[in-house]
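Asks: Quick one, what's the 3D model for this:
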Amino acid sequence: MTDLYDDIINLPHHEPTHHPRMTMWSRAAQFAPFAALTGYDDAIRNTARQNDEGTDRGDDEDGDD
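Replies: Numbers count the residues shown, from 1 in each chain. Sure, this is the predicted structure:
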């Protein structure tokens, strides 16, 4: 299988000469607006808030109070 790529496998990685490389921060920012799980963060915050409120009231898990 690797015989097919023997002529290119050890070539140097291409570096653009006409523009600077994009920073990792800039590359990541391109994908920031994309949310694969829309509403996931809100659901986590809501669950955490509910758990905190339950802890603040002193609720027990077994309900034997």
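
Asks: name the element residue 21 belongs to?
Replies: Counting by DSSP states H and E, no helix or strand carries residue 21.

Asks: repeat for the one 5 residues further on
Replies: The secondary structure element spanning residue 26 is helix 24-29 (assigned by DSSP H and E).

Asks: From the chain's centroid, how far away is that helix?
Replies: 13 Å (C-alpha atoms, centre = their mean, to the nearest Å).

Asks: Return the alpha-carbon coordinates of it using CSV.
Replies: This file holds the C-alpha atoms of helix 24-29, laid out as CSV (Å, rounded to 0.1, in the frame of the first residue of the first chain):
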residue,chain,number,x,y,z
MET,A,24,-4.1,28.7,15.8
TRP,A,25,-6.3,31.2,17.6
SER,A,26,-7.6,32.6,14.2
ARG,A,27,-8.1,29.2,12.8
ALA,A,28,-10.2,28.2,15.8
ALA,A,29,-12.2,31.4,15.7
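
Asks: Same question for the helix or strand that that helix is followed by: list its buried residues.
Replies: Downstream of helix 24-29, the next assigned helix or strand under DSSP H and E is helix 40-56. Under the neighbour-count criterion of 16 or more other C-beta atoms under 10 Å, helix 40-56 has nothing buried. C-beta here means a position set from N, CA and C on the backbone, and glycine is covered the same way.

Asks: for stretch 14-24, same thing?
Replies: Within stretch 14-24, no residue qualifies as buried by neighbour count (16+ other C-beta under 10 Å).

Asks: what about that stretch, start to end distance?
Replies: 17 Å (C-alpha to C-alpha, to the nearest Å).

Asks: And for stretch 29-47?
Replies: So stretch 29-47: terminal residues 28 Å apart, C-alpha to C-alpha.
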